[in-house]
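Enquirer: Model the structure of this input:
(one chain, ligands or ions: 2)
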Amino acid sequence: MIDKKKLYSTAAKKETAVLVAVSTQKQNAEKTREYLDELAFLATTLGVETVQTFTQNLERTDIRTYTGKGKLEEILIYVTANPVDMIIYDDDLTPSQVRNLEAVFKDIKVIDRSLLILAIFAMRAQTAQAKLQVELAQYQYMYPRLTRMWTHLSRQSGAGVGMRGPGETELETDRRIVKDRIAFLKEKLEKVDKQSVTRRKERDRLVRVAIVGYTNVGKSTLMRNLSKADVFAENKLFATVDSTVRKVNMENIPFLLTDTVGFIRKLPTTLIESFKSTLDEVREADILMHVVDISHASFEEHLDVVNKTLEEIGAANKPSILVFNKIDLYKPSYNNEEEEETEAAPSTQDILNQLKRSYIAEKADHVVFISAQEKENIDELKRTLFSLVKEKHFSIYPNWLDLGYTPVETEE
Ligand SMILES: Nc1nc2c(ncn2[C@@H]2O[C@H](COP(=O)(O)OP(=O)(O)OP(=O)(O)O)[C@@H](O)[C@H]2O)c(=O)[nH]1
Ligand SMILES: [Mg+2]
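Expert: Ligands and ions are numbered 1, 2, ... in the order given. Presented below is the predicted three-dimensional model:
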């Protein structure tokens, strides 16, 4: 039997982890450090405490064991001497790497970034649709890696033995069960997806705005701000997994505002596939508000990751507003240290203006700096948003004022 809980319910008690990453020609040491910080944050989100990190410089990751032999020894010595529940690798492991590492680390769980993200999504999913999407993604991720699950399970005194059909090995039985489950989930999801397509169609006549961005940048906080909706926001990754839609009115023109799941680098592809219908909210939006956490050291990379993901799902090239959030925490860093000391050091405002110019030049339609939490500059954002909404709205309803709509009570 497949005991999904065994593999994924890491949230139940405080567990400890060591993190492992490799710097390569493509990924310098500084990037690796940032990725590890993010990986530790992902672990924290799941209630897992990071007790040690290991990094290694390699030309490329080792195809058998991810790190080289020496580093592997070093990790083994550490986890043998200290209480460690799991080893988390910053990149996805191949099925054979998993097999080899499990043979080395025995009872300690071997996990990779995707598995961690999948577990967080599983924990966060609220709606039936999101739950199905996550479960499907988990099984699809698991399928080629069944050896791992098998070794996990076979340690548990031969679980699954009774389930075997005549002549099947344990592995074949597991494969069959997982395959059946995938087919079942796909079918169920198709039905749910159909319902949400119908729902979306019904809403079609309103302009749709989607809030997109990297995880933890403040999308839900902004949503709450603009719509007065009670949306869950938390300083953890992937607080939002389900999309929330709210009807908002500005100057008697109603439109729909959607809060969406955050993006992250190295998002598991199985997740993108299964969240296809949730991401349809983004794909079918008329206008995007792309929120960026300007106080984050890697905000530029986050921006690129989001833009790439938008391209991947076919949602690039929509009218959009680039919203730099958390301006209250923003401390500009100076590339040139000398500059900082001279009197001519640019003011924060100068730097922001410069930033704005460069993004506008780079093809952003509109750039606004705000603090969603401190409610700074929200009016400017509202004005910018509303001008886009209005334009779109009147392209759908050229005679809006003549239609005799009774304005709905504004939430503004
Ligand atoms: N200082 C500061 N913190 C903010 C601001 N906006 C949001 N936050 C905080 O940032 C954290 C993440 O905010 P959320 O609104 O949950 O972010 P999100 O983008 O919806 O995150 P996910 O749903 O996890 O992708 C929370 O702790 C917020 O209180 C801001 O303008 N300034
Ligand atoms: Mg959120």
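Enquirer: Same question for the helix or strand harbouring Asp37: list its buried residues.
Expert: Using DSSP states H and E, Asp37 sits within helix 29-45. By neighbour count on 16 or more other Cβ atoms under 10 Å, the buried set for helix 29-45 is Thr32, Glu34, Tyr35, Leu36, Glu38, Leu39, Ala40, Leu42, Ala43, Thr45. Every C-beta, even on glycine, is put in place using the N, C-alpha and C of the backbone.
Enquirer: Now the element after that helix, going C-ward?
Expert: Past helix 29-45, the next helix or strand by DSSP H and E is strand 48-57.
Enquirer: Which pLDDT value goes with Gly202?
Expert: Wrong residue type there; residue 202 is Glu, not Gly. pLDDT for Glu202: 64.
Enquirer: Tell me how many other residues crowd whichever residue of the stretch 51-200 of the chain sits closest to ligand 1.
Expert: Using Cβ to the nearest ligand atom, the closest approach of the stretch 51-200 of the chain to ligand 1 is made by Arg124 at 8.4 Å. Arg124 has 21 neighbours, counted by other Cβ atoms under 10 Å.
Enquirer: How about Val98?
Expert: What Val98 shows, counting by other Cβ under 10 Å, is a neighbour count of 23.
Enquirer: And it, which helix or strand is it part of?
Expert: For Val98, the element it lies in under DSSP H and E is helix 95-105.
Enquirer: What average pLDDT does that helix get?
Expert: For helix 95-105, mean pLDDT rounds to 91.
Enquirer: just checking, what packs against it?
Expert: helix 69-81, strand 109-112, helix 146-155 (3 or more Cβ pairs under 8 Å, 6 or more residues apart in numbering; DSSP states H and E).
Enquirer: What angle do helix 69-81 and it make with each other?
Expert: Helix 95-105 runs at 50 degrees relative to helix 69-81, counting by axes from the mean of the first three to the mean of the last three Cα atoms, to 10 degrees.
Enquirer: so which residue of the stretch 301-412 of the chain comes closest to ligand 2?
Expert: Proximity of the stretch 301-412 of the chain to ligand 2 (Cβ to the ion) peaks at Ala372, 11.1 Å away.
Enquirer: what pLDDT does the nearest residue in space to Leu116 that is not next to it in sequence get?
Expert: Of all residues not flanking Leu116 in the chain, Leu42 sits nearest, at 5.2 Å (Cβ to Cβ, 6 or more residues apart in numbering). Among the per-residue scores, Leu42 shows a pLDDT of 91.
Enquirer: Okay, and Ile87 sits in which element?
Expert: With DSSP H and E as the criterion, the answer for Ile87 is strand 86-89.
Enquirer: what does that strand rub up against?
Expert: Contact partners of strand 86-89, identified using Cβ atoms under 8 Å, 6 or more residues apart in numbering, comprise 10, 15-21, 39, 43, 48, 66, 75, 79, 101, 105, 108-113, 116.
Enquirer: Output the helix holding Asp37 as PDB, nothing but the C-alphas.
Expert: What follows is helix 29-45, C-alpha atoms only, in PDB (Å, rounded to 0.1, in the frame of the first residue of the first chain):
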ATOM      1  CA  ALA A  29      28.700  30.800  -4.600                       C
ATOM      2  CA  GLU A  30      26.700  33.900  -3.900                       C
ATOM      3  CA  LYS A  31      23.700  32.500  -5.800                       C
ATOM      4  CA  THR A  32      24.100  29.200  -4.000                       C
ATOM      5  CA  ARG A  33      23.900  31.000  -0.700                       C
ATOM      6  CA  GLU A  34      20.700  32.700  -1.700                       C
ATOM      7  CA  TYR A  35      19.200  29.500  -2.900                       C
ATOM      8  CA  LEU A  36      20.000  27.800   0.400                       C
ATOM      9  CA  ASP A  37      18.500  30.600   2.300                       C
ATOM     10  CA  GLU A  38      15.300  30.200   0.300                       C
ATOM     11  CA  LEU A  39      15.500  26.400   0.800                       C
ATOM     12  CA  ALA A  40      15.800  26.900   4.500                       C
ATOM     13  CA  PHE A  41      12.800  29.300   4.400                       C
ATOM     14  CA  LEU A  42      10.800  26.600   2.500                       C
ATOM     15  CA  ALA A  43      11.800  24.100   5.200                       C
ATOM     16  CA  THR A  44      10.700  26.500   8.000                       C
ATOM     17  CA  THR A  45       7.400  26.900   6.200                       C
END
